[in-house]
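Engineer: Okay, predicted coordinates and the sequence, questions at the end:
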Amino acid sequence: MKPKVSIVLLVDAVGALSDRTLHQGNLALVDDSPYGSRNGGTPELVTAVLPGQVVQWTAIHVDVQTPVEIEQIAFLGPGEGAEPVTGAATPVTRPDPGYAAVPAYASGVLLAEPEAPASPYTAAPPSPLASNGLENHDLLVWEGIVPFTMAPGVPYRYRLSIRLHEGPNSVLHVDTPALLRV
Amino acid sequence: MAQQHGIIVLVDVDNALTDRTLDGNAFWFDNMKFLGSTGEGTEHLVTIVPGTYYSDGSQATEQVLNWLPASLGAVPPTVPRNYLAEQALQTDRDALADLAAVGSGDEAGIGRIKDQVGVNAKQSRAAKGVTTAKVLDATGRVAGQNAAATYNYPAPVITDITGPAVEQQIMYPAQYGSPDMIYDGWYWAATVDTSRPGIYSYTMHIQLHELIEREDGLVWQPVDLTCTSALEIISDPKRNAFTGAGLGVLPIPDLPPAP
């Protein structure tokens, strides 16, 4: 058994912040699992894993000057999550703003993705306030062991939240990636 | 890795040459304010370098610093360096074309063409970064026969980085080349040893160029000045994001979500 599976998140931070979505080609997920992962290179990645393996998530920014960190990885329970695993990327419908359009930061379709309640299966994240009194998400290592309680053949989707620099609109998420025990 | 640090050193060239000092005439700015840099936009920038280490003590984050000089009241640094040279060539071509149309006795016409051609300044042997001899203003037009106060200063050039942060081997600065036409294809960068937290200052050596009128004509005279900044190195341990401590089982629910 391969002891470790790496999942790499390639993020186009400027594209994601401009489109206000991690879809539309702004996020690509790839892994190195040898057991038949699906949808590599898209936000719908299904990573094939075995119990006992360590899975590690790492974010890589396309633009080296823009900080990109994993804000949260939360596995979804029954009935949670808005987006299907294999469906097409959620279309963001918005009119062509043309030039000098007022960006809809506070309301409207651009912020249509609702904030889902926190999953009861997710442990509270440790406070990342340890770096000089400021949040430093670079301190966190996102890795864990695949449990034996996982049912085989069923995708366990997770919400992947990504922080792009800071500010009220800096965190974007997708519900589409999953782990699948083969 | 967090990300690369960009550190801009903005110089008020005109006043720095008048005062013969960068005190009060250099303004520092970096992209790490959100992690604790202080003094943005002043000459007292302290750049935060948030290092991390694994539980075995090894360095987990490499921090890269990039310094970019910029000057107030000059062609923006994002314009390719050959822009001014191209503009200088074009004014010569225009003057040649007009010269064909001017008669031999046309004094006014000759004078007009002289203005069109402008003046050239020689390079002093010690000058490092002057890319065009013709004296142009900040919009790329020739500055005229008088080369009045409207001329464009060449961009400041970083010639060295020294001081305690270098001597104590906290950072390893070096000048690198790139195929980028911006900044003449040269820039200064450094990597940082984050194993020794503390505040370390460094001195930046900057060369400006002053237009001097001498008997044999105009010359770009280099003026070497220095200014100081500091790095604040901190270092924190990496932690598992799911458990807050060491490696554990993934928090997976009993039942998967509906497909």
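Structural biologist: Received it, and whenever you're ready, just let me know what you need.
Engineer: Give me the phi and psi for residue B:88.
Structural biologist: Dihedral angles phi and psi of residue B:88 (degrees, to the nearest 10) take the values phi -60, psi -40.
Engineer: ditto for residue B:175
Structural biologist: The phi and psi values for residue B:175, taken as degrees, to the nearest 10, are phi -90, psi 130.
Engineer: tell me the contacts of it?
Structural biologist: The contact partners of residue B:175, taken as Cβ atoms under 8 Å, 6 or more residues apart in numbering or on different chains, are B:158, B:186-188. All C-beta spots, glycine's among them, are computed from the backbone N, C-alpha and C.
Engineer: What sits closest to residue A:157 if chain neighbours are left out?
Structural biologist: Take residue A:157 and drop its neighbours on the chain: the residue closest to it by Cβ to Cβ, 6 or more residues apart in numbering or on different chains is residue A:178, 4.3 Å away.
Engineer: Enumerate every residue touching that neighbour.
Structural biologist: When contacts are counted by Cβ under 8 Å, 6+ apart, residue A:178 is found next to A:45-47, A:85, A:155-158.
Engineer: Adding neighbour count and distance to residue B:18, write those residues out as CSV.
Structural biologist: Written out in CSV, the entries for the contacts of residue A:178 read as follows (neighbours: other Cβ atoms under 10 Å in any protein chain shown; distance: Cβ to Cβ, whole Å):
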residue, neighbour count, distance to residue B:18
A:45, 26, 60
A:46, 23, 66
A:47, 28, 63
A:85, 21, 67
A:155, 21, 69
A:156, 26, 68
A:157, 27, 65
A:158, 28, 61
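Engineer: Between all of those residues, which two are separated the most?
Structural biologist: The widest separation within those, taken as Cβ to Cβ, falls between A:45 and A:156 and amounts to 12.6 Å.
Engineer: The residue in chain B that chain A sits nearest to: how many residues sit nearby?
Structural biologist: When scored by Cβ to the nearest Cβ, chain B has residue B:244 as its residue closest to chain A, at 3.2 Å. Using other Cβ atoms under 10 Å in any protein chain shown, residue B:244 has 15 neighbouring residues.
Engineer: Does it lie in a helix or a strand, and which?
Structural biologist: According to DSSP states H and E, residue B:244 maps onto no helix or strand at all.
Engineer: Residue B:90 now?
Structural biologist: Of the helices and strands defined by DSSP H and E, residue B:90 is found in helix B:82-101.
Engineer: Let me know the next secondary structure element after that helix.
Structural biologist: helix B:107-117.
Engineer: Spatially central residue for the chain, please.
Structural biologist: Went with chain A since none was named. Nearest to the centroid of the C-alpha atoms of chain A, with distances taken as Cα atoms, centre = their mean, sits residue A:160, at 2.4 Å.
Engineer: could you do chain B instead?
Structural biologist: A centroid search over chain B (Cα atoms, centre = their mean) returns residue B:69, at 1.6 Å, as the residue closest to the centre.
Engineer: Excluding sequence neighbours, find me the nearest residue to that residue.
Structural biologist: residue B:156 (4.2 Å).
Engineer: What about the one you found, how many residues nearby?
Structural biologist: The local packing of residue B:156 (other Cβ under 10 Å) involves 25 other residues.
Engineer: for residue A:6, same thing?
Structural biologist: Other residues lying near residue A:6 total 15 when counted by other Cβ under 10 Å.
Engineer: in chain A, which strand has the most residues?
Structural biologist: Secondary structure of chain A per DSSP state E: the longest strand is strand A:155-164.
Engineer: strand partners of it, parallel vs antiparallel please.
Structural biologist: Using DSSP bridges, the strands paired with strand A:155-164 in its sheet are strand A:68-75 (antiparallel), strand A:171-174 (antiparallel), strand A:178-181 (antiparallel).
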